[in-house]
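Visitor: predicted structure and sequence below. I'll ask about it afterward.
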2 protein chains.
Amino acid sequence: MQSVRAYVFDVFGTLVDWRGGVARDAAPFLARHGGDPSQAQAFADAWRDRYQPAMTEVREGRRLFTRLDVLHRENLAAILPEFGLDPEGLTAEELDTLTLAWHRLDPWPDVVPGLTRLRRGAIIAPLSNGNIRLMIDIAKRAGLPWDAILGAEAAQAYKPRPAAYLRTAEILMLPPEQVCLVAAHNDDLAAARACGLRTAFIPRPLEYGPGQETDLAPSADWDVVAESVEDLADRIGRPR
Amino acid sequence: MQSVRAYVFDVFGTLVDWRGGVARDAAPFLARHGGDPSQAQAFADAWRDRYQPAMTEVREGRRLFTRLDVLHRENLAAILPEFGLDPEGLTAEELDTLTLAWHRLDPWPDVVPGLTRLRRGAIIAPLSNGNIRLMIDIAKRAGLPWDAILGAEAAQAYKPRPAAYLRTAEILMLPPEQVCLVAAHNDDLAAARACGLRTAFIPRPLEYGPGQETDLAPSADWDVVAESVEDLADRIGRPR
């Protein structure tokens, strides 16, 4: 790990609480439009359930690269009937605004202090499937001290396609083994390792709420397993 | 200007002193290899003279998009004989290292405080022909507080091609009139204006040394003309 020159991060779940943030904005939206605000977390889950299938259309070449904000907006329209809302009764502006809930997500408490320490000795950047503007907005609001915004839009490929990882390393002008992906998701790390990147796992057992059953523990011998971004900084010897 | 949501910046000359920075690294290089270290500024100028022609190959479609570090490295090899250096007597590593002089440029003194103020109320990013890693390295060393690294590599087009400006606005998910280019070069601003961007001119009369004859004054009625990045922050009403 001493040769790692850049740490790149999964963001949704690994660094920010998408479920809590989306539910926070969904509750008043549901209340305003005759839905049940107590269903806000289920609403967030249903919205997120359509995340991977939407990207798969792009990954498998059936659709040109389309930024995540557009997929989120389409997926929002698709789930409305499941929550008793009539899409015809909602304005485009209202749906656009709720889609921006994904731009207003809070980081877990260890994230800003941990990134701040990591940044002193390496390049740090998101390697998220979120688009660049979405990542900028999260970072400005939360104070994430990125050196650059990389990820799916910069690579024009969604994780876990190899191009998402390899083009990120190429933009950084680093061999893959000098780039470490930090993620709370074993499948993301497996795909990064297959491309030659280093891997760091940080479990986020509450990402999907109290009943979460996946990604509670590392599924392979990742280069680092840490409890938080601060713990990662400790483990690689980055001073406080 | 009140509707501007993002300020994007030319970097070489507008924000950082490429001539002084390149000459600083060129002087010991020339001394080591039998050249004349007093020619270091002329060496920087000769290197920079090949900058636009190299990019023109890409702009006019005779060459696929190639990042600026590669063009800089080729241009360095090309100018060596002009300064009495034998390319055969130099290792690739030595030339690679000197090419990184472009990653170690100092900002003008108004830049960090000015960017820090602008960043509070808008997105700020470079819109440079420099590649992403080059911009990351300059920013980390100089403390430039970017929200993202945009520019030619992100857009896959060199300024002043319209795609460089328009794709930058598109990545930012902003209409061009909500993006303002800040530059010390009238031709850059003219190209941005033709794409619908707002324009701010900051003269840098010493960019090319004491004999500079170009870009000493605005050539058109740019939306803002400021003396420095701090003065720009003053003029658009950004608090200190």
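Guide: Done, it's in.

Visitor: isn't A:Glu107 right up against A:Thr14?
Guide: I think there's a mix-up here, since residue A:107 is Pro and not Glu. No. With contacts counted by CB atoms under 8 Å, A:Pro107 stays clear of A:Thr14, the gap being 9.9 Å. Yep, even glycine has a C-beta here, placed from its N, CA and C like the rest.

Visitor: these two: which is more packed in?
Guide: More neighbours surround A:Thr14 than the other of A:Pro107 and A:Thr14, with 26 against 21 (other CB atoms under 10 Å in any protein chain shown).

Visitor: got the phi and psi for the nearest residue to that one once chain neighbours are set aside?
Guide: Distances taken as CB to CB, 6 or more residues apart in numbering or on different chains place A:Ala184 nearest to A:Thr14, at 4.2 Å, with adjacent residues excluded. Backbone torsions for A:Ala184, taken as degrees, to the nearest 10, come to phi -100, psi 10.

Visitor: looks like A:Ala184 contacts A:Gly13 (just checking).
Guide: Yes. Contact status for A:Ala184 versus A:Gly13: in contact at 5.1 Å, counting by CB under 8 Å.

Visitor: give me the common contacts of those two.
Guide: A:204, A:207 (CB atoms under 8 Å, 6 or more residues apart in numbering or on different chains).

Visitor: and the pLDDT at A:Gly237?
Guide: Looking at A:Gly237, its pLDDT is 89.

Visitor: just A:Gly89 next, same as before
Guide: At A:Gly89, the model reports a pLDDT of 87.

Visitor: likewise A:Trp18?
Guide: pLDDT, A:Trp18: 98.

Visitor: would you mind finding the longest helix in chain A?
Guide: helix A:18-32 (DSSP state H).

Visitor: could you say what helices and strands that helix packs with?
Guide: helix A:40-49, helix A:92-99 (3 or more CB pairs under 8 Å, 6 or more residues apart in numbering or on different chains; DSSP states H and E).

Visitor: now do the contacts for A:Met1.
Guide: Contacts of A:Met1 (CB under 8 Å, 6+ apart): A:180, A:198, A:223-224, A:236.

Visitor: top of those residues by neighbour count?
Guide: Ranking the contacts of A:Met1 using other CB under 10 Å puts A:Cys180 first, with 27 neighbours.

Visitor: give the contact list for the closest residue to that residue other than its chain neighbours.
Guide: Excluding the flanking residues, the one nearest A:Cys180 by CB to CB, 6+ apart is A:Arg198, at 3.8 Å. A:Arg198 makes contact with A:1, A:4, A:177-181, A:223-224, according to CB under 8 Å, 6+ apart.

Visitor: strands - which of those residues land there?
Guide: A:179-181, A:224 (DSSP state E).

Visitor: interface residues of chain A facing chain B?
Guide: Within chain A, the positions near chain B by CB under 8 Å from any CB of the partner chain are A:69, A:123, A:131-133, A:135-136, A:139-140, A:146-150, A:153-154, A:171-173.

Visitor: those residues in helices, which ones?
Guide: A:69, A:132-133, A:135-136, A:139-140, A:153-154, A:171.
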